[in-house]
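Colleague: What follows is a protein structure lacking sequence information:
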C-alpha cells in the first residue's frame, strides 16, 4: 500500500469534522491512523496524559505501535476492539476496511472504566522509561475520567456505523467512476473461478481429514480393547465416555474451524493420552486470547500434537513435554508445536516441508498432512518452519492476515 493512500481515498475533511463533533458529544479523545498506526489528521480532545506521552520519541513509537495493533485486531474481528493500553487507560479501535483491505482505524478513548477484565495490549518498547522521564504522568492519570463500560461499548458501535456509512459512500463513488459493464462481468467470472478453486481446496482438505480421523478411531478403540482385558469395567467405561465425546466433536466440525475449538478438542485428546501414558507425557499450552476466534483449518492441531506424542515422545522411556503456543503479532500470528523427544532426519524435514513426498512412516505422515492442509488453505499467505535437534523439534506456522 502506498503512503497516504487513506488520505487520498477518503474525505479527510469530513472525517475531521465527524471526529471533532464526536469528541465534543462524547467527551472522549479521538484520532484517525493509517494501517501503520501513524496519525493522518489532527487530534481531538486529547488528554494531558496522552499528549505528554506522545511529546517524546519513545512515547510516540509506543502509541503508534499500539494504534496499529489495535486497528488490526479490530479488523480481524470485524467490529470495535476495546482494550487497555500500556499506559493503563482504556481505548477503542474501529477498523477502516475498504474493499476487504485494512487501511487504518479510528482510535478513541483515553479514559478509565468500571470493568476490570479488559484485554491488555503490551508494547515491546520500554514504557517505564517514559514514566520516569515525565513524573507528572501519575498526576495526569488520576485526572482522567471514568466512563461506564456499557457506554463505551455503545459509543464504539456508533462510531463503527458512521465509519461504515462513509466507506460505503466512498465505495459507490469508486464504482461509478471506474467500473464498466465489462468490468462487472469479468469480476463475476473471476469470483466463480475463485469459488470453484476454494471448493476444490476444501475437498482436498477433507480427504486428509478423513484419513486421520480413521487412524484416530482405530488407535482409540484398540486402546479400549486392551483396557477391557487388563482392567475392570469402570476404567473402561470412563475411557469409552472420553472417546465418544472426542469423536462426537470431530464428526461435528467443519473443514474450517477456530483455534479455540481446536484447543478445546486438544484438551479431550490430553485425557486420552493421560489414560494411556500416565505422567510420561506433560503439556504446556499457551494461546494468546487475541487469536482464539481466528479461523483455522480443522485437524492441523490434532495432527501436529499426535505426531509429537506418538513419534517424538512415545519411543522415549521417560517421555517428555508437548508445548503448544499461539501468539498475535502485527498483521500475522504464529502457532507452534514442540516436543523434546526423538529428532527428525534432515532429509525427512526437507520432504515434509516441500510436500514433495509423503513419509512412509505413519507418524511422519501426520506432519506432512498438517502442512499440506495449511498450504492448501493459506497458499502464499503462510510461512512454515520445521526445525529438529537432539534437544527439541519445533514446527511453526506463521499465518499472514489478509
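Modeller: On my side now, so go ahead. In this text the structure is predicted, and so the values were computed from the model without any measurement.
Colleague: just the helices in the protein please.
Modeller: Residue ranges of the helices in the chain, as given by DSSP state H, are 5-9, 12-26, 48-53, 57-77, 127-133, 137-143, 149-178, 181-230, 233-252, 259-277, 300-307, 346-354, 362-378.
Colleague: For the fifth one, name the packing helices and strands.
Modeller: Packing contacts for helix 127-133, counted by 3 or more Cβ pairs under 8 Å, 6 or more residues apart in numbering; DSSP states H and E, involve helix 57-77, helix 137-143. Quick note: C-beta positions are derived from backbone N, CA and C, even for glycine.
Colleague: Residue 191: which of those helices is closest?
Modeller: Shortest separation from residue 191 across the helices and strands packed on helix 127-133 is recorded for helix 57-77, at 21.9 Å, computed as Cβ to Cβ.
Colleague: follow-up on the earlier one: nearest to residue 333, out of the helices and strands packed on helix 127-133?
Modeller: It is, among the helices and strands packed on helix 127-133 and with distance given as Cβ to Cβ, helix 57-77, at 8.9 Å.
Colleague: Sort out which residues of the closest one are buried, please.
Modeller: Judged by neighbour count using 16 or more other Cβ atoms under 10 Å, the buried positions of helix 57-77 are 59-60, 62-76.
Colleague: again with stretch 138-153
Modeller: For stretch 138-153, a neighbour-count test (16+ other Cβ under 10 Å) marks 140-141, 144, 147, 152 as buried.
Colleague: And for stretch 390-402?
Modeller: Buried residues in stretch 390-402, counting neighbours by 16+ other Cβ under 10 Å, are found at 392-395, 397-399.
Colleague: which of those sit farthest apart?
Modeller: In terms of Cβ to Cβ, the buried residues of stretch 390-402 reach their longest pairwise distance at 392 and 399, which sit 22.1 Å apart.
Colleague: Tell me where the stretch 101-250 of the chain is predicted with low confidence.
Modeller: Residues of the stretch 101-250 of the chain meeting the criterion pLDDT under 70: 170-190, 192-238, 240-241, 244.
Colleague: Report the contact partners of residue 305.
Modeller: Contacts for residue 305 (Cβ atoms under 8 Å, 6 or more residues apart in numbering) come out as 266, 269, 322, 324, 337.
Colleague: isn't the third one right next to residue 286, touching?
Modeller: Think residue 322. No. In terms of Cβ atoms under 8 Å, residue 322 does not count as a neighbour of residue 286; the distance is 11.9 Å.
Colleague: Which one's more surrounded, those two?
Modeller: Taking other Cβ atoms under 10 Å, residue 322 and residue 286 do not tie; residue 322 has more neighbours (26 against 10).
Colleague: And the more buried one, how close does it get to residue 121?
Modeller: Relative to residue 121, residue 322 is positioned 29 Å away (Cβ to Cβ, to the nearest Å).
Colleague: Please apply the same query to residue 373.
Modeller: Distance, residue 373 to residue 121, by Cβ to Cβ: 31 Å.
Colleague: Look at the two and report which has more neighbours.
Modeller: The residue with the greater number of neighbours, taking residue 373 and residue 121 and applying other Cβ under 10 Å, is residue 373; the counts read 25 against 20.
Colleague: thought the more buried one was touching residue 299?
Modeller: Yes. Distance between residue 373 and residue 299: 6.8 Å, which falls inside the contact criterion (Cβ under 8 Å).
Colleague: Could you measure from residue 382 over to residue 369?
Modeller: Distance, residue 382 to residue 369, by Cβ to Cβ: 15 Å.
Colleague: Who has more neighbours out of those two?
Modeller: The neighbour comparison of residue 382 against residue 369 (other Cβ under 10 Å) goes to residue 369, with 25 against 15.
Colleague: Domain parsing of the protein, as residue ranges.
Modeller: The domain map for the chain lists 5-178, 196-400, with the assignment taken from automatic domain parsing.
Colleague: Check what pLDDT the residue positioned nearest the centre of the chain gets.
Modeller: For the chain, the residue sitting closest to the mean C-alpha position, by Cα atoms, centre = their mean, is residue 291 at 2.9 Å. At residue 291 the predicted local confidence, pLDDT, stands at 89.
Colleague: residues in contact with it?
Modeller: When contacts are counted by Cβ under 8 Å, 6+ apart, residue 291 touches 259, 326-328, 333, 335.
Colleague: Look up how far residue 77 lies from it.
Modeller: Distance, residue 291 to residue 77, using Cβ to Cβ: 11 Å.
Colleague: Check whether residue 336 really touches residue 324, as I assumed.
Modeller: Yes. Contact criterion Cβ under 8 Å: residue 336 and residue 324 qualify, at 7.4 Å.
Colleague: Mind checking which of these two has more residues around it?
Modeller: For residue 336 versus residue 324, the count of surrounding residues by other Cβ under 10 Å is larger for residue 324: 20 against 17.
Colleague: which non-adjacent residue is nearest residue 138?
Modeller: Spatial nearest neighbour of residue 138, chain neighbours left out: residue 131 (7.5 Å); criterion: Cβ to Cβ, 6 or more residues apart in numbering.
Colleague: and if you look at residue 115?
Modeller: Residue 115 sits nearest to residue 149 (Cβ to Cβ, 6+ apart), 3.9 Å away.
Colleague: Right, I'll call it a day here.
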